[in-house]
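Visitor: with the input below, show me the fold.
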Amino acid sequence: MPWPENSLPRNRSLREPTLHGGVQCLPPRRIRILGVPLDLGQSRRGVDMGPSAVRVAGLQARLETLGHHVTDGGNVAVHLPENRDVGEERAKYVHEIAETCAKAAEMVLEALAEGVTPVILGGDHSLATGTVSGVAEFYRRQQKKIGLVWLDAHSDMNTPESSPTGNVHGMPLAALLGLGPAPLSELFGWSPKVAPEHTALVGVRDIDATEKENILRAGIAGVYTMRDIDERGMRAVMEEALQVAGEGSAGYHVSLDMDWIDPEDAPGVGTPVRGGATYREAHLAMEILADRGRLLSFEVVEINPVIDERNRTAELAVELVCSAFGKKIL
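Guide: Predicted structure coming up:
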């Protein structure tokens, strides 16, 4: 569970880090790894193997080295596209995706109820509708709201009406903000799961024209493009994004699409786009996230081992998760 904000001094010199094997980290957590090998949300196959790739890259052992107590909760059961009809052309496999998201939401909800921090491995980004819904439901029962930090090359703000492809992995943020499609927006019977004033979209650089209208219509409080990062620097952008997501909320869920990072460093992703965050910018973002200590849950998605190079992208994902959970350079 997150640490109280007022118990975490912002000045690094005031912190009291612990050491495990010579590696500095923040206070230990109980963490549960959950896999969602979903690839119904996009047309390119392979991201269903992402959870396995990250596990092979040693995520559990690396987190344990930081002093965290880590268990692996296994994978959510998913449907295969070979066994299903595409259904609605404007929202392909939406009912099957919603079914998987409902299972993922329950697993996340169960972990939080046990005082465990969920770390979810994807799978395409449509799974975030389930994971975020689970976190939102847990805190709603306590009369609290959550924040959301969305790290992605794409805004994922399409709806069935605006999507040029009908691929649902381009719709999860819109669904979480209540714009639909209904099978995803209405998980647990209520919507929206996050308020636009608690939502930060960081590092976008590939947005459909119709998505721009949806972003404006939704009223997202923090939208930071790669130009903002270029001009202002990652530190300023991340600190502002975390302020947006954290103010008035119980803390935030972080959704990391690996295509947020430049394909030079993360080649094995579902939808690569040039001009993303560099290796060090990505680590800095995660380190700032760890410093704030208000992380409720974390997910990393869209790793495609089929087009990766010797599991580089999964290995980088493991490094970034570790940075988000307290690994420091010194």
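
Visitor: run a quick neighbour tally on the closest residue in space to residue 190 that isn't next to it in sequence.
Guide: Sequence neighbours aside, residue 140 is the residue nearest to residue 190 in space, at 7.6 Å (criterion: CB to CB, 6 or more residues apart in numbering). (C-beta placed from N, C-alpha, C; glycine too.) Using other CB atoms under 10 Å, residue 140 has 16 other residues around it.

Visitor: and the pLDDT for residue 140?
Guide: We have a pLDDT of 98 for residue 140.

Visitor: can you name the residues in contact with the helix or strand that residue 136 is a member of?
Guide: Residue 136 belongs to helix 128-140 when assigned by DSSP states H and E. Defining contact as CB atoms under 8 Å, 6 or more residues apart in numbering, one finds that helix 128-140 is touched by 36, 97-98, 100-109, 112-113, 118, 120, 122, 145-146, 148, 156, 172-173, 175-176, 184-185, 187-188, 190, 193-194, 250, 253, 255, 296-297, 299, 301.

Visitor: show me what the following helix or strand past that helix is packed against.
Guide: Next helix or strand after helix 128-140 toward the C-terminus (DSSP H and E): strand 147-151. Strand 147-151 sits against strand 199-204, helix 234-246, strand 252-257, with contacts defined as 3 or more CB pairs under 8 Å, 6 or more residues apart in numbering; DSSP states H and E.

Visitor: ok, residues contacting the second one?
Guide: Put plainly, it is helix 234-246. For helix 234-246, with CB under 8 Å, 6+ apart as the criterion, the contacting residues are 5, 147-149, 197-200, 202, 221-222, 224, 228-229, 252, 277, 281, 284-285, 288-289, 292, 294.

Visitor: relative to strand 252-257, how tilted is it?
Guide: Helix 234-246 and strand 252-257 are oriented at 130 degrees to each other (axes from the mean of the first three to the mean of the last three CA atoms, to 10 degrees).

Visitor: shouldn't residue 91 be within a strand?
Guide: No: secondary structure of residue 91 (DSSP: H, G, I helix; E, B strand; the rest coil): coil, not part of a strand.

Visitor: what's the neighbour count on it?
Guide: For residue 91, using other CB under 10 Å, the count is 28.

Visitor: correct me if wrong: it contacts residue 168.
Guide: Yes: at 5.8 Å, residue 91 counts as touching residue 168 under the criterion of CB atoms under 8 Å.

Visitor: quick one on the thing from earlier: how near is the residue nearest to residue 190 to residue 86?
Guide: Applying CB to CB, to the nearest Å, the value for residue 140 to residue 86 is 33 Å.

Visitor: out of the contacts of helix 128-140, list just those in helices.
Guide: Residues of the contacts of helix 128-140 located in helices (DSSP state H): 97-98, 100-109, 112-113, 172-173, 175-176, 184-185.
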